[in-house]
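Chemist: Attaching a predicted model along with its sequence, questions to come.
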Amino acid sequence: MASPTPTDTAAHDTSQIPAPEGSITVTVRVLRFNPEFDDEPHWESYDVPALPTDRVLNLLINIKSYVDGTLSFRRSCAHGICGSDAMQINGVNRLACKVLIKDLLAKGNKRTTISVAPIKGLPQMKDLYVDMEPFFEAFKAVKPYLIAYGNEPTHERIQSQADRERFDDTTKCILCACCTTSCPVFWSDGSYFGPAAIVNAHRFIFDSRDEGSEERLDILNDTEGVWRCRTTFNCTDACPRGIQVTKAIQEVKQALLFKRV
Amino acid sequence: MTEVERHSYDVLVIGAGGAGLRAAIEAREQGLRTAVICKSLFGKAHTVMAEGGCAAAMGNVNSGDNWQVHFRDTMRGGKFLNNWRMAELHAKEAPDRVWELETYGALFDRTGDGRISQRNFGGHEYPRLAHVGDRTGLELIRTMQQKVVSLQQEDYRDLGDYDARLKVFSECTVTQLLNDDSGAISGAFAYWRESGRFVQFDAPAVVLATGGIGKSFSVTSNSWEYTGDGHALAMRAGAKLINMEFVQFHPTGMVWPPSVKGILVTEGVRGDGGVLKNANGERFMFNYIPDVFKGYYADNPEEADRWYSDPNNNRRTPDLLPRDEVARAINTEVKEGRGSPHGGVYLDIASRLSDEEIERRLPSMHHQFKELADVDITSEAMEVGPTCHYVMGGVAVDPDTGAADGVPGLFAAGECAGGMHGSNRLGGNSLSDLLVFGRRAGAGAAEYLSSLTERPTANQTQVDEAARAAVEPFGAGETYENPYTLQSDLQRLMNDLVGIIRTEGEMSEALTKLRDLAERARHVGIEGNRQYNPGWHLALDLSNMLLVSECVARAALRRTESRGGHTRDDFPKMDAEWRHTLLECTLDGESVTVTPGEQVPMRADLLELFELTELEKYYTEPELVEHPARSGAQREEGAP
């Protein structure tokens, strides 16, 4: 790899990337960082061919495959279920596998520029990789598992369709961290549990089978808990699964205020 | 000598999908110090992509269901090539595993009386798939991830250390299994993806749960992790792979736009009423009911439609034939010019269910098409076509314990183990496979450990050699091969020459080309250093992909018949002589050897579960002399 350049540059040779019929050229800016060489992250630009139906992930994979094999980012399932490729795309948290180029195209004949940076509030380790450990620590802190006492049933526990529906929304979480890393409170103070952890507590607090609500509510009543939420709705906007995150946080607050679920 | 981080455990589980996590939970609950190693972040495993559900004969929706019916369906789906003991254990234990998962806290859709609901799926006689909308795999992984967290918090309470008995090493890749001089497993050699630093695990038992091989094909529903790691690791450690010629092409993958080609469209769409149509609007599946399934499926649309509401008096729709049949049918329709504009066929749910029902029952599919293809499935048909989805082949194991044949201390479960699904897996039988055999492999490892008098020790030369091999791609010199180019060449080759329809000529060509690729792979080079270097990671994965691809091509060339996930244009018929033959791939130095082996004959009481007339379609005459209907010793139905 050419040694990283300090300025935003488009000097990369991208001619090896196949340009299918109907493709246009877009500029992808990536906030790159290699801790072995760089003191600070820096932008690098790549002019790459793109189809309107391509996703940002496709362009990143092409850059990695044909221009710079060291470009690092996470991805697994590549269609929005595993939640590995959360990143800031043009400043907002999105999954790269779910953002289509046609939705990012510049108006008129102007060249489209797409900026890609790591999600905010977690340590950048290399390029788009961040250290997810603090995020998962918060997840674990809310006891994200069913707590039930008494004898285990031999078959399933009975749960009515209505009871099951009650917490459906928060079970859709894919732990991608889009919500937590869009939260201004989390940015300024990483000790806040963050929306994702609260969503994962919500799923058990409102599960009719669970008997651990009080323990969990105690945890969320803590100084790092739900009361830090400033209801900015960033989390709801960021959620790629469409979970009503802010609403879930409000429901937890109400459960605390009125001591009932 | 390279500096190597070192850890010691009782059991090492490689892979953190459904099988790996269930194995790890079992080993930990039996009191063993257990480590789980996974290439991705914890909780992101390929299992999350399973949509339709988990097959288990609980009988919640149709009380006619029981393990015998599930067993029969599974054997039929696999065209009787399945390891019948695995199919038996699977059918018997799947309900317990689902109920157990529910007690861990898993969410399930419910019946009117609050029990776990079950949906129809291809090849299953009754509604059998426990499910959560169309995100069942995600829930299965999340539930076991939560279970792991709860066990770790329990250990913290009791022992003051979260990782005392169960630790997850995520974003860590195993490159080689280690063994002692006798060949017994002594651990594994790995590297951290983040730092590129090496790790040596000392452990007398290793459970492989690494999933499949689909990334060797260009059109696939599989994620990047599916590079056949477990298959290759096992082979290099002396294990044998069976059934590698059987690769499942899921009939319904997205075909357009190109960027999402291959992404799965759940069989649940058909289970919930969706039907396949060609460009002329014909429901073509009625023309593709094979002889062995005639009589089990409706031969006209009217009866097929009645079946959804009255399954006891009508036969099921052929849209729900096993996957191999549907994939071949779609392939033929497209080849004969009745395909959709982008080379698939139509899957229509829009005209079959109300908009609200579609959004409620298939929310992920609704989003997926809306977001990725700009298609609203509540008003338009989807375009779909076959996509490489699953490998039936894998490590030959003992059915009861998951112990790999010939390598003491090695176990395998889930997709990387072979036998359970025969020549073709039924949808829904994978999630249940992971739970049943994940648990059994964990227990098998525990049992093995208790039988050991001393632990096998690592061989330092082997560790040094593993370290040397791992950094080889960095020393490729001035001109070298780009690993990504090699990978895409391999994917195209496998897709075009060893894909859904095979011929001797194409497979021989594939083997020649695979040899060329293997030669090029010796000169793979990479840029940069060892910190989070995806080019390096791929260079190492490539050797696994190449080895496993060769197994697929060699076994496929050898099997001169068509069965399940192996279709030969030059040998289009199923041949009863091949039913009892398993092709075993072993590694001899650097070359793959394929040896025919005999299938163990099915136990008489299981054989009796089938009508003689059905068995005659699959079995040779001499194999059936023991059947009670033939030997005259007919017993009453239901008697043991």
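Modeler: That came through fine.

Chemist: A:R32 reaches A:H42, doesn't it?
Modeler: Yes - under the criterion of C-beta atoms under 8 Å, A:R32 lies in contact with A:H42, with a separation of 6.2 Å. Quick note: C-beta positions are derived from backbone N, CA and C, even for glycine.

Chemist: Those two: who's more crowded?
Modeler: Taking A:R32 and A:H42 together and counting by other C-beta atoms under 10 Å in any protein chain shown, A:R32 has the greater number of neighbours (23 against 17).

Chemist: ok, that one - contacts?
Modeler: Under the criterion of C-beta atoms under 8 Å, 6 or more residues apart in numbering or on different chains, the neighbours of A:R32 are A:4, A:38, A:41-44, A:71, A:127.

Chemist: Could you do A:L59 as well?
Modeler: The neighbourhood of A:L59, defined by C-beta under 8 Å, 6+ apart, consists of A:26, A:28, A:48, A:50, A:101, A:114.

Chemist: State the pLDDT value of it.
Modeler: Per-residue confidence at A:L59 stands at 97 (pLDDT).

Chemist: That one: what secondary structure?
Modeler: Counting by DSSP: H, G, I helix; E, B strand; the rest coil, the backbone at A:L59 sits in helix.

Chemist: how many other residues sit next to B:E614?
Modeler: The local packing count at B:E614 equals 16, with neighbours defined by other C-beta under 10 Å.

Chemist: and it, how far is that from B:L624?
Modeler: B:E614 sits 11 Å away from B:L624, going by C-beta to C-beta, to the nearest Å.

Chemist: was I right about B:N429 contacting B:H90?
Modeler: Yes - counting by C-beta under 8 Å, a contact exists between B:N429 and B:H90, whose distance comes to 7.2 Å.

Chemist: excluding its backbone neighbours, what's nearest the residue in the stretch 501-640 of chain B positioned nearest to chain A?
Modeler: Checking the stretch 501-640 of chain B residue by residue against chain A with C-beta to the nearest C-beta singles out B:G535 as nearest, at 2.9 Å. In space, and not counting its chain neighbours, B:G535 is closest to A:G69: 2.9 Å by C-beta to C-beta, 6 or more residues apart in numbering or on different chains.

Chemist: for the one you found, what are its contacts?
Modeler: Neighbour list for A:G69: A:1, B:482-484, B:526-528, B:533-535, B:538 [criterion: C-beta under 8 Å, 6+ apart].

Chemist: Can you list which of those residues are found in strands?
Modeler: Secondary structure of these is defined by DSSP state E; no position falls in strands.

Chemist: how about a markdown table for the residues you listed, with pLDDT, neighbour count and distance to A:L60 added?
Modeler: Output for the contacts of A:G69, formatted as a markdown table (pLDDT from 0 to 100; neighbours: other C-beta atoms under 10 Å in any protein chain shown; distance: C-beta to C-beta, whole Å):
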| residue | pLDDT | neighbour count | distance to A:L60 |
| --- | --- | --- | --- |
| A:M1 | 40 | 16 | 16 |
| B:N482 | 93 | 20 | 17 |
| B:P483 | 95 | 24 | 17 |
| B:Y484 | 95 | 20 | 13 |
| B:I526 | 90 | 24 | 18 |
| B:E527 | 86 | 15 | 17 |
| B:G528 | 87 | 21 | 16 |
| B:N533 | 92 | 24 | 15 |
| B:P534 | 93 | 25 | 11 |
| B:G535 | 93 | 23 | 14 |
| B:L538 | 96 | 24 | 15 |
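
Chemist: Quick check: the farthest pair among those?
Modeler: Using C-beta to C-beta, the contacts of A:G69 span at most 15.4 Å, a distance reached by A:M1 and B:L538.

Chemist: So for the longest helix seen in chain A, mean pLDDT?
Modeler: Among the segments of chain A that qualify as a helix by DSSP state H, the longest is helix A:245-258. Mean pLDDT, helix A:245-258: 94.

Chemist: So which bits of the stretch 151-261 of chain A are right by chain B?
Modeler: Those residues of the stretch 151-261 of chain A that sit near chain B, judged by C-beta under 8 Å from any C-beta of the partner chain, are A:152-161, A:164, A:167-168, A:171-172, A:174-175, A:204, A:207, A:209-210, A:242.

Chemist: Retrieve the pLDDT associated with residue 203.
Modeler: Using chain A. At A:R203, the predicted lDDT confidence score is 97.

Chemist: wrong one, chain B
Modeler: Value listed for B:A203 in the pLDDT field: 98.

Chemist: Distance-wise, check it relative to B:Q462.
Modeler: Distance, B:A203 to B:Q462, by C-beta to C-beta: 15 Å.

Chemist: Please identify which of the two sits among more neighbours.
Modeler: More neighbours sit around B:A203 than around the other of B:A203 and B:Q462, counting by other C-beta under 10 Å; the figures are 28 against 18.

Chemist: hang on, isn't A:S160 packed against B:T111?
Modeler: No - assessed by C-beta under 8 Å, A:S160 is found out of contact with B:T111, at 10.0 Å.

Chemist: Now the common contact residues for B:N429 and B:H90.
Modeler: Counting by C-beta under 8 Å, 6+ apart, the common neighbours of B:N429 and B:H90 are B:74, B:420.

Chemist: I'd like to know how far A:I81 sits from B:I263.
Modeler: Shown here: A:I81 relative to B:I263, a distance of 10 Å by C-beta to C-beta.

Chemist: Confirm that A:V48 sits in a strand.
Modeler: Yes - applying three-state DSSP, one finds A:V48 inside a strand.

Chemist: and it, bridged to which residues?
Modeler: For A:V48, the beta-bridge assignment (DSSP bridges) gives partners A:V26.

Chemist: Quick one, grab the pLDDT at it.
Modeler: With respect to pLDDT, A:V48 has a value of 97.

Chemist: surely it meets A:I63?
Modeler: Yes - counting by C-beta under 8 Å, A:V48 does reach A:I63; the two are 6.4 Å apart.

Chemist: so what's in contact with the two at the same time?
Modeler: Both A:V48 and A:I63 are in contact with A:14, A:17, A:28, where contact means C-beta under 8 Å, 6+ apart.

Chemist: Which of those residues fall in strands?
Modeler: Assigned to strands by DSSP E, the following of the shared contacts of A:V48 and A:I63 qualify: A:V28.

Chemist: So which of the shared contacts of A:V48 and A:I63 wins on neighbours?
Modeler: A:V28 (24 neighbours).

Chemist: what's the helix or strand for the residue nearest to B:T560 when sequence neighbours are not counted?
Modeler: Spatially, and ignoring its direct neighbours in sequence, B:T560 is nearest to B:F571 (4.7 Å; C-beta to C-beta, 6+ apart). Mapping B:F571 onto the secondary structure by DSSP states H and E places it in no helix or strand at all.
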